[in-house]
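*Asks:* Fold the following for me, if possible:
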Amino acid sequence: MTETRVRFAPSPTGYLHIGGLRTALYDYLFARNTQGKCILRIEDTDQSREVEGAAASLVSTLSSLGIDFDESPEAGGDYGPYIQSQRLELYRKHAAELLQNGHAYYCFCSTETLSKMREEQQTKGEFVKYDRRCLMLSQEEIDAKLRAGDNYVIRLRMPDDHRFAFDDEVRGHVEIESSQSDDQVLIKSDGFPTYHLAATVDDHYMQISHVIRGEEWLSSTPKHLWLYECLGWQPPKWVHLPLILNTDRSKLSKRMNDVSVESYLEKGYLKEALLNFVALLGWHSADDRELYTLEELCEAFTLDRVSKAGAIFDLTKLDWMNGQYMRSLPLAAIAGRARQWFPADWAEDYERYLKVIAAARERCTLLPELAEYARIFFEPAELSEQDLAIFTSETSQKVLSWYHEQISTVQADDAEAIDAITKAGIKELGIKGKDYYMPLRLALIGAPHGPDLPTIIAILGKEESLARLAGSSAKPE
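*Replies:* Sure, this is the predicted structure:
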């Protein structure tokens, strides 16, 4: 059996977006599930769009999420180099081969000429593609232009009246007419290859068994199949993933949507939740389970469970999933990741900090929300006039005074004793519901709602709890 070899091949033109993360994740999961290899290749042939530091940032983000590679620019491997700008001679060699056997040709058309050509075709309602005027040049004309130093590109000559048929691992049997394909540029005027030539050459030499990529590349597959045929190579298996859609079923767009993976991490989403959520954008298990660790995804992931239908990016579901992980991951792990959002002095007492995190994560979705929720224990908000008025009632003063006296007799971390006192107060005072709980919570945390009283007192400690109760139990003059 041929070893599974898949590649994630991003361009260093900006941040890692959700669609890119899904491709990288599926590559990784498929490789791990089949005991194959997952390769990272940097496709930096579009020099005009390259962003300095983007490649390093992309690798760092994937590493922080737990996605590592068996072969990469950093890890090395037997099929390097893994940066396309370091492989230019290889692409030029095969472009020359295509020119020699008549499967490619020089094109000397200017940008202005091409623009006018497209406009005319659009006006006539024709399929927009290169009209092959340079294919008609004689060898003498070509040689003269080359000697004169005229700018040129090298184009692939697609076959006429040919039907390309291939089997896609997600979409099944696919057929596309060659008339729907342009004579694609293979080598640009700057001497760098386009994606089509470079990716085909690299996938062959790196022995890639499966090309996993987005549905938008489906229409380009005939060009790649033709390149494989012209060069005498065996093509890989094709895996075209469904589009990622907004809830209104419009396409998730880098221009219109917040699709940066880094952005979601900076907002306080947990990597476990983000990976789990992205894994389900087009794939589902046989039992429709929703929550998976990365290790469990590696065991469960198979290509036959990838859907053809567009996947909905539902932020509500991501929030729900993040909340599930917020409460299920080890407390110390959540505390460690949340610390950056907390003032330093709030976390000085680590045991108290852990208690705060334990209480807050039951009611929060994102990591920064933990710090905002924790404010009730460290810096209670100023009470409104309406809240202050509650303390003036005889009922509230009775509750506060009685509770202060009883709490002074027990330890702050004795949850059973405090719970017993709380219940006893309802029975002994004959006061219940909001008339009982609201003055206590307002006094202790400055808010009408929050954790249960044993949790509040355990976090505040006995001394602070008594001081807050005492400060509210004296009747205003």
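*Asks:* how many neighbours does residue 174 have?
*Replies:* 16 (other Cβ atoms under 10 Å). The C-beta positions use only the backbone N, C-alpha and C, and glycine is treated the same way.
*Asks:* which SS state does it fall under?
*Replies:* strand (DSSP: H, G, I helix; E, B strand; the rest coil).
*Asks:* how far away is the residue lying closest to residue 235 once chain neighbours are set aside from residue 52?
*Replies:* By the measure of Cβ to Cβ, 6 or more residues apart in numbering, the closest residue to residue 235 outside its immediate chain neighbours is residue 228, 4.2 Å from it. Separation of residue 228 from residue 52 (Cβ to Cβ, to the nearest Å) stands at 34 Å.
*Asks:* Is the residue nearest to residue 235 within a helix or a strand, and which one?
*Replies:* helix 221-231 (DSSP states H and E).
*Asks:* now do residue 258
*Replies:* Using DSSP H and E, no helix or strand contains residue 258.
*Asks:* For this structure, give me the ranges with low pLDDT.
*Replies:* 1, 254-257, 473-477 (pLDDT under 70).
*Asks:* Would you map the helices across the stretch 1-150 of the chain?
*Replies:* 18-33, 54-64, 88-100, 111-123, 139-147 (DSSP state H, counting those that start in this stretch).
*Asks:* How many neighbouring residues does the residue nearest to residue 235 have?
*Replies:* Residue 228, neighbours per other Cβ under 10 Å, totals 16.
*Asks:* tell me the contacts of it?
*Replies:* 200, 204, 234, 235 (Cβ atoms under 8 Å, 6 or more residues apart in numbering).
*Asks:* Show the contacting residues for the last one.
*Replies:* Put plainly, it is residue 235. Contacts of residue 235 by Cβ under 8 Å, 6+ apart are 166, 224, 225, 228.
*Asks:* swap in the third one?
*Replies:* Residues in contact with residue 234, defined by Cβ under 8 Å, 6+ apart, are residue 228.
*Asks:* is it true that it lies in a helix?
*Replies:* No: Residue 234: not assigned to a helix; according to three-state DSSP it is coil.
*Asks:* So what does it look like in phi/psi?
*Replies:* When read as degrees, to the nearest 10, the backbone of residue 234 gives phi -90, psi 120.
*Asks:* cool, the last one as well?
*Replies:* Summarising the backbone geometry of residue 235 under the convention degrees, to the nearest 10, its torsions are phi -70, psi 160.
*Asks:* So what's the residue count around residue 25?
*Replies:* Counted with other Cβ under 10 Å, residue 25 comes out at 26.
*Asks:* Touching, it and residue 276? I think so.
*Replies:* No: counting by Cβ atoms under 8 Å, residue 25 does not reach residue 276; the two are 10.0 Å apart.
*Asks:* which residue ranges form the strands in the stretch 201-350 of the chain?
*Replies:* Secondary structure of the stretch 201-350 of the chain by DSSP state E, counting those that start in this stretch: the strands cover 210-214, 237-241, 244-245, 311-312.
*Asks:* The second one packs against which elements?
*Replies:* I take that to be strand 237-241. Counting contacts by 3 or more Cβ pairs under 8 Å, 6 or more residues apart in numbering; DSSP states H and E, strand 237-241 is packed against helix 18-33, strand 163-168, strand 210-214.
*Asks:* Likewise for the last one?
*Replies:* If you count contacts as 3+ Cβ pairs under 8 Å, 6+ apart, strand 311-312 packs onto strand 244-245.
*Asks:* Ok, the third one next?
*Replies:* Helices and strands touching strand 244-245, by 3+ Cβ pairs under 8 Å, 6+ apart, are helix 18-33, strand 311-312.
*Asks:* which of those sits most buried?
*Replies:* By mean neighbour count, with neighbours taken as mean count of other Cβ atoms under 10 Å, helix 18-33 ranks first of the helices and strands packed on strand 244-245 at a mean of 24.
*Asks:* Report the distance from that one to the chain centre.
*Replies:* Taking Cα atoms, centre = their mean, to the nearest Å, the mean C-alpha location of helix 18-33 is offset from the chain mean by 11 Å.
*Asks:* Just the angle for that helix relative to strand 210-214, thanks.
*Replies:* 160 degrees (axes from the mean of the first three to the mean of the last three Cα atoms, to 10 degrees).
*Asks:* Out of the helices and strands packed on strand 244-245, the one nearest residue 414 is which?
*Replies:* Nearest to residue 414, of all these, is helix 18-33, at 47.0 Å by Cβ to Cβ.
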